[in-house]
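[1] turn this into a structure:
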Amino acid sequence: MSELGPDAGFWGARIAGAFAGSAISLIYLLPEGRREAAGRLVTGVTTGLIFGGPTGLWLARTLDLDSDLSGSDVMLAGSALASLCAWWALGILARVAARWGGKG
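    Numbers count the residues shown, from 1 in each chain. As a prediction, the model looks like this:
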């Protein structure tokens, strides 16, 4: 279990960022039902965990903050941004599909 020690902070930041991004987007784009909420939650958290690192690096380099932030800060911000974007994308796609599916 000692192998998980140094990376525990990064995993904690990834998980916290993924859930924070999902929670923020839930406030701005409310789901229409439980199924949509569950799907968007799973997608947001998964996306935040997988793409949190690269998104955080891209964000830090784009804003020229890579020398000012710690690795955990970059991971937290990246996971939150990736999760937030996934929630928005899935929520918008679900509503567009429902509209187009209802007309035919």
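[2] centre of the chain versus the helix or strand in which A16 is found, how much separation?
    Element membership for A16, per DSSP states H and E: helix 5-28. Here the centre of helix 5-28 is set off from its chain's centre by 7 Å, with C-alpha atoms, centre = their mean, to the nearest Å.
[3] report all helices and strands that that helix contacts.
    helix 34-62, helix 71-103 (3 or more C-beta pairs under 8 Å, 6 or more residues apart in numbering; DSSP states H and E). Every C-beta, even on glycine, is put in place using the N, C-alpha and C of the backbone.
[4] what sits up against stretch 14-33?
    For stretch 14-33, the external contacting residues (C-beta atoms under 8 Å, 6 or more residues apart in numbering) are 37, 40-41, 44-49, 52-53, 75-88, 91-92, 95.
[5] give me the buried subset of these.
    Buried by 16 or more other C-beta atoms under 10 Å: 40-41, 44-45, 47-49, 52-53, 75-88, 91, out of the contacts of stretch 14-33.
[6] so where's the chain uncertain?
    Filtered on pLDDT under 70, the chain yields the residue ranges 1-6, 102-104.
[7] find the centremost residue of it, please.
    Of all residues in the chain, the one closest to the mean position by C-alpha atoms, centre = their mean is S83, 1.1 Å from it.
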